[in-house]
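Enquirer: quick one: sequence plus predicted model below, questions after.
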Amino acid sequence: MASNRFVAFAIVAVVLPTFAMATEYFVGDDEGWKVGVNYSEWANGKVFRVGDKLVFKYGSPHNVYKVDGNGFKECKPSGDVYNNGNDTFILSEQGKKWYICGVNDHCEKGQKLVINVESDGSEPVPAPVPAPTPPKPAPVPASTPPPTQTPPSNDSYRIISSCYQIFVAAVVAMAVAAF
Ligand SMILES: [Cu+2]
């Protein structure tokens, strides 16, 4: 029946996006991570979600520090330095994330990135579940011919169960009687 197909579609439509959409973002795209790129502009309009990845690609003088809002504002590196030129950060929780280059005055010159990570869209937000359950193609009805027309055989039962049909039956009865 059409309703079954609709249900199948609805299930797929709801389940699919929740795990199939992890995105890998290359910071600065082809420009990579360097001085002279406007990373606010780069981030603008992008939607970062829990589970997505942020990849910093760069050449030798640069590095990456994941800092807090203050470190971002004041260009103060803190914590671990990442400097292998291909640093991947998995966005594991919601909220603002700040990244800066700690080399010389690169951060002051704009080599800094702030993003806002949003929920991954699934309702409860548990720790990332590593079990991708594939969307099962809900069984499409193979053998149910839709009996949309009221079969004449069990009218009596239906008439009892429906006031409207009682009314219709009464009208029919009167019509029959009138002839
Ligand atoms: Cu730098």
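Expert: Structure received. Numbering: from 1, shown residues only.
Enquirer: alpha carbons only for contacts and neighbour counts from here, please
Expert: Noted.
Enquirer: how about A43, nearest residue that isn't a chain neighbour?
Expert: I115 (6.7 Å; C-alpha to C-alpha, 6 or more residues apart in numbering).
Enquirer: my guess is G95 meets N116, correct?
Expert: Yes - counting by C-alpha atoms under 8 Å, N116 is a contact partner of G95 at 5.3 Å.
Enquirer: those two - which one has more neighbours?
Expert: More crowded of G95 and N116, by other C-alpha atoms under 10 Å: N116, with 17 against 14.
Enquirer: quick one: the helix or strand hosting that one near the ion?
Expert: Using DSSP states H and E, N116 sits within strand 112-118. No - Strand 112-118 lies out of reach of the ion by C-alpha under 5 Å from the ion, never closer than 8.9 Å.
Enquirer: model confidence over that strand, on average?
Expert: Average pLDDT, strand 112-118: 98.
Enquirer: same check, this time on stretch 23-43
Expert: The predicted model assigns stretch 23-43 a mean pLDDT of 97.
Enquirer: quick one: buried residues of it?
Expert: Y25, F26, V27, G28, G32, W33, K34, V35, V37, Y39, A43 (16 or more other C-alpha atoms under 10 Å).
Enquirer: ok, which pair from the residues you listed is furthest apart?
Expert: Within the buried residues of stretch 23-43, two members stand farthest from each other by C-alpha to C-alpha: Y25 and V35, at 18.4 Å.
Enquirer: stretch 68-88 near the ion anywhere?
Expert: No - Stretch 68-88 stays clear of the ion (C-alpha under 5 Å from the ion), getting no nearer than 10.1 Å.
Enquirer: rewinding a little: can you put the buried residues of stretch 23-43 in a markdown table and add distance to D120 and secondary structure?
Expert: Output for the buried residues of stretch 23-43, formatted as a markdown table (distance: C-alpha to C-alpha, whole Å; DSSP: H, G, I helix; E, B strand; the rest coil):
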| residue | distance to D120 | secondary structure |
| --- | --- | --- |
| Y25 | 15 | strand |
| F26 | 19 | strand |
| V27 | 20 | coil |
| G28 | 23 | coil |
| G32 | 25 | coil |
| W33 | 26 | coil |
| K34 | 29 | coil |
| V35 | 31 | coil |
| V37 | 28 | coil |
| Y39 | 23 | helix |
| A43 | 18 | helix |
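Enquirer: what parts of this protein come near the ion?
Expert: H62, C101, H106.
Enquirer: all set now, cheers.
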